[in-house]
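Peer 1: Quick one, what's the 3D model for this:
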Amino acid sequence: MAFLNTINIVGSGLTAQQLRLDVVAENVTNSQTTRTEAGDGAYRRKMVVFQAVSGRDTFRDVMARASTRAVSNTASQPSAGGVIVTDIIEDEAPMKIVYDPTHPDADEDGYLEMPNVDMVKEIADAMAASRAYSSNVTAFNTLKTVISSGLEIGR
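Peer 2: This is a model prediction of the structure:
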């Protein structure tokens, strides 16, 4: 059933954008964190890396699946496509250096390494992720309407 593939595609988008929003929330939360658990300095901004899953098979894959169906009834389903999160990476942008000799994490000269989190970038990233999430919800609601209309035809 092709509409199940569409649900999987929309679901992958919802999951990916939710993770993106979670990472943005983590960045905002740690925007003033000067010490990490590992003890290697200030918090470093994280970013989500997406990869498209095309869902389109090559001619060779289609022929192999067709020949498998001719031989047996256990045919594999074609991939649905969508998006996957391949990695969550750290931003290599330089850390912000501020002068605060009273801070306990300041060096002997009074300078403190602050996270490389830029609130403008985080807000823009959160807005983009929120819009993408909303678009996936709209696509899902449209699919529900189409399926419902299709079931009404059968009455």
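Peer 1: since we're on residue 16, how many residues are nearby?
Peer 2: Using other C-beta atoms under 10 Å, residue 16 has 21 other residues around it. In short, each C-beta sits where N, CA and C put it, glycine included.
Peer 1: contacting residues for it?
Peer 2: 48, 50, 83-85 (C-beta atoms under 8 Å, 6 or more residues apart in numbering).
Peer 1: pull the helix or strand with minimum mean pLDDT from this protein.
Peer 2: helix 59-71 (a mean of 66; mean pLDDT, DSSP states H and E).
Peer 1: That one: what's the following helix or strand?
Peer 2: strand 82-90 (DSSP states H and E).
Peer 1: Show me what the helix or strand following that following strand is in contact with.
Peer 2: Moving toward the C-terminus from strand 82-90, the next helix or strand (DSSP H and E) is strand 96-99. Strand 96-99 has contacts (C-beta under 8 Å, 6+ apart) with 110-116.
Peer 1: Among those, which one sits closest to residue 60?
Peer 2: Nearest to residue 60 among the contacts of strand 96-99, counting by C-beta to C-beta, is residue 116 at 45.5 Å.
Peer 1: burial count for that closest one?
Peer 2: Going by other C-beta under 10 Å, the residues that sit close to residue 116 add up to 19.
Peer 1: Can you tell me the element it falls in?
Peer 2: Assigned by DSSP H and E, residue 116 falls outside every helix and strand.
Peer 1: Tell me who's in contact with it.
Peer 2: Residues near residue 116 by C-beta under 8 Å, 6+ apart: 42, 44-45, 91, 93-96.
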